[in-house]
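Asker: the sequence and its predicted three-dimensional model are supplied below.
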Amino acid sequence: MRNLIPSYIRVPLVFFAIAALIEYFVDSGDQPAFIEQPVILLFLLLVLLFLIAIEGIVGTMDNILYQSLDEEGRARYDAQRRAPSKFSLWIQNIYKKLRGGKPIEEEAEIILDHNYDGIKELDNNLPPWWLYGFYATIIFAAVYLARYHIFNAEDQFDEYEIEYAEANRAIEEYKKTAKNLVDVNTVEVLTEAADLNAGKKIFEVNCVACHMADGGGGIGPNLTDEHWILGGGIKNVFRTISEGGRDGKGMVAWKNSLKPIEMAQVASYVLQFQGTTPANPKEAEGDIWVDESEDTSDATETEESSSEDSSNETEENATEIVEETQTVASN
Ligand code: HEC
């Protein structure tokens, strides 16, 4: 057995077999096991040392045995030693068979009878490795031709389309289970009753103290009118809830206590207040918010009217009004 496989093959073979077994049995996710758990690296190092040590010990024992042999025994041992290992004989045999060709002593049998300035030609058979490889390509080509050009099996383009559709389906599926992933860029108004009810509950627990149960406002601004200090629409409202209002105003960043989906739910619920009439409405604050997707002509109109409103409220001081209209114009 020892003579069958030389030690420079035996040691790595056993070593990598053990490493592969560890990799297979240790659950290490995407990473190789020995990176995930460096202890394994240490263990593998020990295994390697151990294997080398065994080789060394066996070698030494062999040597001691040899020393204890008499002349005759040593001669027999040496003869056995010098014979090439069965493994390398086997490899050599396969190599010879695959290469084909005649040994140099028999070349006379296959020499062709022409002679160009002393250069002669041998009529060798094709090397078997080449010949069988060639037959294999012919079979492959026939199967390929039948499969893709006669029976029209799925080619790469079809496979791409199918995988693409599958991936899209998987994404949809994932989005359904992972609503938690919303952020300010992806948030959309939720319309399902379950979401709005959840939003209502969150609002009642966290927000009524400052915004009132009907959104009429108190410490916080009125949420039922079209005026927004920090911008209307689902994205702005989500951002205000997530990041909080201006410093010192009292609206904290809720992202620390609410999950993204909860903020999306309560934001959608807040938008439901639009157009309702609360019991004690707080006066409007901020500007009328217009969705950018609407016509720009509409936007300038409403902006003008809102600036008129606010200028009525201010004192009838001519210079102030001029200043304000100037800033509006520059806007
Ligand atoms: C401690 C009082 C307080 C609580 C509680 C509170 N808010 Fe506010 N909220 C405010 C104040 C004050 C503002 C105005 C912030 C500013 O002017 O920058 C505000 C602003 C807002 C705005 C923006 C209004 C606008 O005109 O732009 C929204 C939306 C809002 N709050 C939603 C909520 C929600 C949802 C909750 C519950 C999760 C909540 N608030 C809890 C005080 C509060």
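Answerer: That came in fine, so what should we check first?

Asker: tell me who's in contact with residue 282.
Answerer: Residue 282 makes contacts with 216-218, 221-222, as judged by Cβ atoms under 8 Å, 6 or more residues apart in numbering. In this view, the C-beta of every residue, glycine as well, is placed from N, C-alpha and C.

Asker: quick one: it is in a strand?
Answerer: No - Residue 282: not assigned to a strand; according to DSSP: H, G, I helix; E, B strand; the rest coil it is coil.

Asker: what's the closest of the contacts of residue 282 to residue 280?
Answerer: Nearest to residue 280 among those: residue 216, at 5.1 Å, using Cβ to Cβ.

Asker: how far away is the residue nearest to the closest one when sequence neighbours are not counted from residue 199?
Answerer: Closest residue in space to residue 216, ignoring its immediate chain neighbours: residue 278 at 2.9 Å, by Cβ to Cβ, 6 or more residues apart in numbering. Counting by Cβ to Cβ, to the nearest Å, the separation of residue 278 from residue 199 is 17 Å.

Asker: of these two, which one has the most company?
Answerer: When neighbours are counted by other Cβ atoms under 10 Å, residue 199 comes out ahead of the other of residue 278 and residue 199, with 23 against 18.

Asker: does the more buried one really touch residue 263, like I thought?
Answerer: No - using Cβ atoms under 8 Å, residue 199 makes no contact with residue 263, being 9.2 Å away.

Asker: so whichever residue of the stretch 1-150 of the chain sits closest to the ligand, which of the three states?
Answerer: Distances between the stretch 1-150 of the chain and the ligand by Cβ to the nearest ligand atom are smallest at residue 29, namely 36.9 Å. Following three-state DSSP, we place residue 29 in the coil state.

Asker: identify the residue spatially nearest to it, adjacent ones excluded.
Answerer: Nearest residue to residue 29 in three dimensions, chain neighbours excluded: residue 36, at 6.7 Å (Cβ to Cβ, 6+ apart).

Asker: and what of residue 253?
Answerer: Leaving aside its chain neighbours, residue 253 sits nearest to residue 244 (3.7 Å; criterion: Cβ to Cβ, 6+ apart).

Asker: check residue 110 too.
Answerer: Closest to residue 110 by Cβ to Cβ, 6+ apart is residue 123, at 4.7 Å.

Asker: and the one you found, what does it touch?
Answerer: Contacts of residue 123 by Cβ under 8 Å, 6+ apart are 110-112.

Asker: and what of residue 124?
Answerer: Residue 124 sits in contact with 100-102, 110, where contact means Cβ under 8 Å, 6+ apart.

Asker: need the pLDDT of it.
Answerer: With respect to pLDDT, residue 124 scores 86.

Asker: confirm it sits in a strand?
Answerer: No - counting by three-state DSSP, residue 124 is not found in a strand; it is coil.

Asker: surely residue 110 and residue 120 touch.
Answerer: No - in this structure residue 110 lies outside contact range of residue 120 using Cβ under 8 Å: 10.6 Å.

Asker: ok so residue 285 is a strand residue?
Answerer: No - Residue 285: not assigned to a strand; according to three-state DSSP it is coil.

Asker: ok, then the element right after the helix or strand where residue 265 lies?
Answerer: Using DSSP states H and E, residue 265 falls within helix 260-271. Using DSSP H and E, the helix or strand that follows helix 260-271 in sequence is strand 287-288.

Asker: so what's residue 258 up against?
Answerer: Neighbours of residue 258 in contact, by Cβ under 8 Å, 6+ apart: 202, 206, 241, 266.

Asker: tell me the SS of it?
Answerer: Here residue 258 is coil, with the state taken from three-state DSSP.

Asker: how about it, phi and psi?
Answerer: Note on residue 258: backbone dihedrals following degrees, to the nearest 10 are phi -110, psi 150.

Asker: from the ligand, how far off is it?
Answerer: 7 Å (Cβ to the nearest ligand atom, to the nearest Å).

Asker: could you do residue 254 as well?
Answerer: Relative to the ligand, and taking Cβ to the nearest ligand atom, residue 254 is found at 5 Å.

Asker: show me what contacts the nearest residue to that residue once chain neighbours are set aside?
Answerer: Closest residue in space to residue 254, ignoring its immediate chain neighbours: residue 241 at 5.0 Å, by Cβ to Cβ, 6+ apart. For residue 241, the contact set (Cβ under 8 Å, 6+ apart) comprises 254, 258, 263, 266-267, 270.

Asker: hang on, the earlier thing: just put the contacts of residue 124 in CSV and tack on secondary structure and neighbour count.
Answerer: Formatted as CSV, the contacts of residue 124 follow (DSSP: H, G, I helix; E, B strand; the rest coil; neighbours: other Cβ atoms under 10 Å):
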residue, secondary structure, neighbour count
100, coil, 14
101, coil, 15
102, coil, 14
110, helix, 13
